[in-house]
Structures are given as C-alpha cells and as structure tokens.
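Enquirer: Predicted structure and sequence below. I'll ask about it afterward.
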Amino acid sequence: MNVAILADIHANFDALSAVAAELAFRRPDRIYHLGDLVGYNAQPEECIRWAMANTAAGVSGNHDAVACGRATGRLFHAAARKAALWSRDRISPEARGYLSSLPVQRFIEGGALLVHGAPSEPGRYVDSVDHAAQELSTLFASVAAGPIFFGHTHEAGGFVRRKDRRVESVPAKDFRLLPGEPAMLNPGSVGQPRDGDRDASFLLFDTVDGTVTWVRVPYDVEAARRKVLEAGLPREFADRLRDGM
Ligand SMILES: [Fe+2]
C-alpha cells in the first residue's frame, strides 16, 4: 500500500491545492495528516474541509487544539496565538467538531505511528539527533513496528537508529526502512516550510517495501501571502512563506 503523509498545512489552501493536484497524479491508496491544519495563514475552513473529505485520518496539532478550544495557547508566542485564535473565530461548527475529534497519536498501515510533535509529547520539537534518540527509546516508539511520522518542526527529513544504536539524520530524499532500524520521519510542511525551501512538502510511504519518498511542490506563494496580509494576520507569516524559513 502506498500512503501519503501531510503535515502542518496551516490554513494555506494555495499550497494544499497544489499538493492535492500532485496527489491526484501520484494516486496514493490513503492520505493521512499530522495536524496543524490551521493557524498562521488565512484559509483554515477550506483546509479542514479538504482534510475531512480526502484524508483517511489524522492527529491533532497544537494549533488545532487552540482553534477547537481544547487548549488556550498561552505558551504560544503572541503572533502565533493571534493567528490560532483568528482561525478559531472563523471555522464552522463542523470544522471545529472535526478538530476536536482528532487524537494525539494513532497507528496506521505498516505499523507506522502518527504524532504531531513527538511520541512523548505532542508539543515537543524533535529537531536534533539527541532529541530523536530520546524519543526512539520511549514506550510508544518501541511498540511501533514501523516508522514514526512526525511534524511540528516544519523541516523535511528525519532520524534513524542504526543497528549499532547510533542515531543519525536522514536527509529528505529517497530513504529505505530496514528491519531493526527504527526511524522518525518528517514530511515537512505543506503550508509553512521552514527548511529553506518555500515549496510545499509531503512524503509517500510504501508499506510493503519500506521506501519513503519526499516530494516538493511549487505553488502560488504570492497568492497565499496576499491573503495573509488582507486578513490582517501578522506580516511575519506572509514573509515566512516567501522565505521558506
Ligand atoms: Fe506547525
């Protein structure tokens, strides 16, 4: 089975539409998301509706939790909180109900585990070999027969623990999972990439042969930026789309 994993869409429907067109071409059997459907950008309702209609399942991100009232966002920095509350105030009851229904983690085909930030804590950033080594030794990681897919950092790539227990970085290219070498893999962000490449990012996972392929998709960044500014959302979020940082 071929599975597509999308993360951190963040209310960027221009980016999501371009990814959807690419998915229509690549035709995965299932699509999953890793949360943060909303926040930062200007089209939360459209992105949630797309996820409801097109994904098999997903998990809750920290911005989703604020937008559905499950969390206050008091630990967010001010601009991020403003955008999450902006999303909260604009989504429909159906969209809010969907966000409220999302679990913090879930297993899927191939024994893979979906989380937003980290298996130990949905809001934790896994952004270094040391963090990944800690997470790969948690109970949830040990019961996952397949890879752990995570988002939250908005950086495509990941980490693998080799048979000699060394944990190393995985660049966001083609990767092959091997038995006895657990991996944490990040599809990158659809709606607000921060790895220096402003193109939308996602990955494809072949559950049979264990290959993982990252895909970057150019989209109309200027259209998304304009919507952020016209909505009165913080300018820094428009700039991040332009810079990919
Ligand atoms: Fe995010």
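Expert: Arrived safely, thanks for sending.

Enquirer: Check this structure for its longest helix and report it.
Expert: Ranked by number of residues, the top helix in the chain under DSSP state H is helix 13-26.

Enquirer: and it, average pLDDT?
Expert: Helix 13-26 comes out with an average pLDDT of 98.

Enquirer: Who are the packing partners of it?
Expert: strand 2-6, helix 44-54, strand 200-206, strand 211-217, helix 221-230 (3 or more C-beta pairs under 8 Å, 6 or more residues apart in numbering; DSSP states H and E). All C-beta atoms are positioned from the backbone trio N, CA, C, and that covers glycine.

Enquirer: if we go to 7 Å?
Expert: Packing partners of helix 13-26 (3 or more C-beta pairs under 7 Å, 6 or more residues apart in numbering; DSSP states H and E): helix 44-54, strand 200-206, strand 211-217, helix 221-230.

Enquirer: partners of Gly58 in the sheet?
Expert: Gly58 has the following beta-bridge partners by DSSP bridges: His33.

Enquirer: Neighbours of it, how many?
Expert: For Gly58, the neighbour count with other C-beta atoms under 10 Å is 28.

Enquirer: buried stuff in the worst-scoring helix or strand of the chain on mean pLDDT?
Expert: The weakest-scoring helix or strand in the chain, judged by mean pLDDT, DSSP states H and E, is helix 139-143 (a mean of 72). Buried residues in helix 139-143, counted by 16 or more other C-beta atoms under 10 Å: Ala141.

Enquirer: do stretch 5-22 as well
Expert: Within stretch 5-22, the residues scored as buried using 16+ other C-beta under 10 Å are 5-20, 22.

Enquirer: Equivalent analysis for stretch 186-196, please.
Expert: Asn186, Pro187, Gly188, Ser189, Val190, Gly191, Gln192, Pro193, Arg194, Asp195.

Enquirer: can you check stretch 45-59 too?
Expert: Under the neighbour-count criterion of 16+ other C-beta under 10 Å, stretch 45-59 has Glu45, Glu46, Cys47, Ile48, Arg49, Trp50, Ala51, Met52, Thr55, Gly58, Val59 buried.

Enquirer: May I have the phi/psi pair for the residue in the chain sticking out farthest from the centre?
Expert: Distance from the centre of the chain peaks at Asp164, with 29.6 Å (C-alpha atoms, centre = their mean). When read as degrees, to the nearest 10, the backbone of Asp164 gives phi -80, psi 10.

Enquirer: Who's the closest spatial neighbour of Thr224, skipping the chain neighbours?
Expert: No, residue 224 isn't Thr; it's Ala. Nearest non-adjacent residue to Ala224, counting by C-beta to C-beta, 6 or more residues apart in numbering: Asp14, 4.1 Å away.

Enquirer: I figured Trp86 hits Pro234, correct?
Expert: No: Trp86 is not in contact with Pro234 according to C-beta atoms under 7 Å; the separation is 9.5 Å.

Enquirer: neighbour-wise, which of the two wins?
Expert: Trp86 (21 against 17).

Enquirer: Over to that one. Which of the three states is it?
Expert: Here Trp86 is helix, with the state taken from DSSP: H, G, I helix; E, B strand; the rest coil.

Enquirer: Could you report the neighbour count for the residue lying closest to it once chain neighbours are set aside?
Expert: Nearest residue to Trp86 in three dimensions, chain neighbours excluded: Leu233, at 6.2 Å (C-beta to C-beta, 6+ apart). For Leu233, the count of nearby residues is 21 (other C-beta under 10 Å).

Enquirer: Over to the one 10 residues further on?
Expert: Summarising burial for Asp243: neighbours were counted as other C-beta under 10 Å, giving 13.

Enquirer: same check, this time on Val104
Expert: With other C-beta under 10 Å as criterion, Val104 counts 17.
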